[in-house]
Structure formats: C-alpha cells, structure tokens
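Chemist: Kindly generate the corresponding structure for this input.
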Amino acid sequence: MPKQKTHKAAEKRFRRSKSGKLFHHMANYHHKNGKKRTKYVRQAKQDKELSGGQARRILKMLGRS
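Modeler: Take a look at the predicted model:
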C-alpha cells in the first residue's frame with residue numbers, strides 16, 4: 001500500500017505543537033493595519049488553536065492520525 005502524501009498547502013498553514021495541538025494564524029491582519037485597533041492586531045499575531053472536527057481533518061491532511 002502506498003504512503004499517504006502530505007497536503008503541502010495544509011503543511012504551510014498549520015503548525016502542530018509538542019503536545020499535539022494544532023495552531024493556525026488568524027486571517028486578515030496583514031493588510032491595512034493602520035485603521036485596525038492595536039489590540040486587535042496584537043492578538044491576531046498569536047496562533048489560534050484548532051479543535052474538534054477541523055483538527056481531525058487537518059491532521060489527516062498532514063498525514064498524521
């Protein structure tokens with residue numbers, strides 16, 4: 001049986017922590033930051049955690065179950 005290939009787009013967008021949690025970057029904070037509040041931009045820079053069905057689907061795309 002052939003090996004499962006890693007979904008390269010998912011590999012670039014998601015990060016897995018040592019404990020196995022999945023993280024992603026928040027969308028829409030790279031563009032037009034002058035009109036956005038400082039607190040919003042600062043919080044958007046932090047990674048957000050994925051959970052539930054989304055995390056299971058992304059883990060499958062990354063080739064890990």
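Chemist: Can you give the distance from the helix or strand of the chain with the lowest mean pLDDT to the centre of its chain?
Modeler: Using mean pLDDT, DSSP states H and E, the weakest-scoring helix or strand in the chain turns out to be helix 38-44, at a mean of 89. Put simply, helix 38-44 sits 17 Å off its chain's centre (CA atoms, centre = their mean, to the nearest Å).
Chemist: who's in contact with that helix?
Modeler: Residues external to helix 38-44 that are found in contact with it (CB atoms under 8 Å, 6 or more residues apart in numbering): Met26, Asn28, Tyr29, Asn33. For glycine as for every other residue, the C-beta is placed from the backbone atoms N, C-alpha and C.
Chemist: likewise stretch 13-28?
Modeler: Applying CB under 8 Å, 6+ apart, the external contacts of stretch 13-28 come out as 43-51, 55, 58-59, 62, 64.
Chemist: Export that stretch to CSV, keeping only CA atoms.
Modeler: Taking C-alpha atoms only, stretch 13-28 is exported to CSV below (Å, rounded to 0.1, in the frame of the first residue of the first chain):
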residue,chain,number,x,y,z
ARG,A,13,-0.7,27.0,7.1
PHE,A,14,-0.9,24.8,10.2
ARG,A,15,1.5,24.1,13.0
ARG,A,16,1.4,21.2,15.4
SER,A,17,2.7,21.7,19.0
LYS,A,18,4.7,19.2,21.0
SER,A,19,1.6,18.2,22.9
GLY,A,20,-0.3,17.5,19.6
LYS,A,21,-2.5,20.7,19.4
LEU,A,22,-3.0,22.3,16.0
PHE,A,23,-2.5,26.0,15.5
HIS,A,24,-3.2,28.5,12.7
HIS,A,25,-2.7,32.2,12.0
MET,A,26,-5.7,34.5,12.1
ALA,A,27,-6.7,35.8,8.7
ASN,A,28,-7.0,39.5,7.6
